[in-house]
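> based on what follows, work out the 3D shape:
(3 chains)
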Amino acid sequence: MAYWLFKSEPEVFGWDDLVAKGEKGEEWDGIRNYQARNNMREMKVGDRGFFYHSRSGLEIVGIVEVTAERSQDSTTDDPRWDCVDIKAVRPFKVPVTLESIKADGRFDDMALVKNTRLSVQPVTETEWKAICALGQTDP
DNA sequence: GCCAACGTTGGC
DNA sequence: GCCAACGTTGGC
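Numbers count the residues shown, from 1 in each chain, chains lettered A, B, ... in the order given. Just a heads-up that it's a prediction; the model follows:
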């Protein structure tokens, strides 16, 4: 199983919005960046990801799961863009802020720190476990 | 709300 | 194939 991180602006589509979608989850559409799209193409059903609030909040707030593999992004006819579906699994007991991730030192290689503009990015198993621990939440 | 960083587009 | 112009993301 692989691990990922999904960014979203809470004012546009936040953690609570994903929770409201329930078990069916939500199509992670609107991604128009090749790197982010390529990451989604690698995803398998059952892969886990962090849900991060960008622009405001600036913290990882919960764990999500991939519920459907790549298919055409329904918001466009352009065949270049496809995406996966994700659902909320559980919230972090304690949100993990970007500030604390930067201050930690163990996460300096994460795209979250090094490539701030990448909205869908891979996370290593080591990073996954360490961040879940910071969030005081089961991986 | 600003703007730096980065990605994409298109004229040449 | 270069690079200027433009558009978008996201931290501050």
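> would you mind listing what in chain A touches DNA strand C?
A:7, A:9, A:32-33, A:54-56, A:58, A:98-99, A:112, A:116-119 (Cβ under 7 Å from any atom of the strand). Bear in mind the C-beta positions are built from the backbone N, C-alpha and C, glycine included.
> at 10 Å what do you get?
A:5-9, A:12, A:30-33, A:36, A:52-59, A:97-99, A:101-102, A:111-113, A:115-121 (Cβ under 10 Å from any atom of the strand).
> grab the longest strand from chain A for me.
The longest strand of chain A (DSSP state E) is strand A:82-97.
> what average pLDDT does it get?
For strand A:82-97, mean pLDDT rounds to 97.
> and if you look at stretch A:127-139?
In this model, stretch A:127-139 has an average pLDDT of 97.
> pLDDT weak spots in chain A?
Applying pLDDT under 70 to chain A flags no residue at all.
> which stretches in it count as helices?
Secondary structure of chain A (DSSP state H): helices located at A:10-13, A:15-20, A:34-41, A:98-104, A:111-114, A:125-134.
> would you mark the buried spots in the fifth one?
Within helix A:111-114, the residues that qualify as buried are A:A111, A:L112, counting by 16 or more other Cβ atoms under 10 Å.
> tally of neighbours for the residue lying closest to A:E27 once chain neighbours are set aside?
Of all residues not flanking A:E27 in the chain, A:D85 sits nearest, at 5.3 Å (Cβ to Cβ, 6 or more residues apart in numbering). As a burial measure, A:D85 scores 20 neighbours (other Cβ atoms under 10 Å).
> next one: A:W28
By other Cβ under 10 Å, neighbour count at A:W28 equals 24.
> if we can go back for a sec, what are the pairing partners of the longest strand of chain A, and which direction each?
Strand A:82-97 pairs in its sheet with strand A:26-27 (antiparallel), strand A:59-72 (antiparallel), by DSSP bridges.
> return the residues of chain A in contact with DNA strand B.
A:32-38, A:55-56, A:78, A:80, A:111, A:114-118.
> kindly recompute the last result at 7 Å.
Going by Cβ under 7 Å from any atom of the strand, the residues of chain A near DNA strand B are A:N33, A:Y34, A:Q35, A:R55, A:N115, A:R117, A:L118.
> mind checking which of the residues you listed are buried?
Buried among the residues of chain A next to DNA strand B (16+ other Cβ under 10 Å): A:L118.
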